[in-house]
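1. Turn this into a structure:
(one chain, ligands or ions: 1)
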Amino acid sequence: MPQEIIKDIHFKGQKSKVMNPAKMWINTYNEKEQKVRAIKTLLNFWGIAALCILIPIAHFLLVPLFFIMGIMKSMKLLHKAEDGLYAEGNCPACEKQIKLNLDNNADLPQWIDCPNCKQAIELNQ
Ligand SMILES: [Zn+2]
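-> Predicted coordinates:
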């Protein structure tokens, strides 16, 4: 099971130099969990590739596509120890409490638009 941790970060505005403290929720995976996750992803993609054999003509494209995508996606997951879940804090521009979906990206810094005022926010240490 991945472990959920909360990291202290800052929301920084694009124009204003305000830095608001924020929190970031992250799923962390140990080495074994990373391998299991990568293998599961690979098998899922190859399963889809196997099913695509049944589709006439399109299988010439779909089978190699899912075969290669499975390898690429699982290689990426194999070296990815953290999944960013969401971040919460006050927007530096509009000062409202916001919750940002991180789409599994835990890299810092990253830029996300405020859902309220549409200003770009920098998520940083
Ligand atoms: Zn805002």
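2. residues in the chain within reach of the ion, list them.
-> Proximity of the chain to the ion is confined to 91, 93-94, 114, 116-117 under the rule C-beta under 5 Å from the ion. To be clear about C-beta, it is placed using only N, CA and C from the backbone, and glycine gets the same treatment.
3. For the residues you listed, which two are the farthest from each other?
-> Spatial extent of the residues of the chain next to the ion (C-beta to C-beta) is set by the pair A93 and N116 at 8.6 Å.
4. want to throw the residues of the chain next to the ion into a markdown table with neighbour count?
-> Listed next are the residues of the chain next to the ion as a markdown table, based on neighbours: other C-beta atoms under 10 Å:
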| residue | neighbour count |
| --- | --- |
| C91 | 21 |
| A93 | 20 |
| C94 | 13 |
| C114 | 19 |
| N116 | 13 |
| C117 | 14 |
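5. which among those gets closest to S16?
-> Nearest to S16, judged by C-beta to C-beta, of these is A93 at 6.5 Å.
6. how about the helices of this structure, start to end?
-> Using DSSP state H, the helices found in the chain span residues 31-52, 59-78.
7. Out of these, flag the one nearest M19.
-> Judging the helices of the chain by C-beta to C-beta, what sits closest to M19 is helix 59-78, at 31.3 Å.
8. what packs against that closest one?
-> Counting contacts by 3 or more C-beta pairs under 8 Å, 6 or more residues apart in numbering; DSSP states H and E, helix 59-78 packs against helix 31-52.
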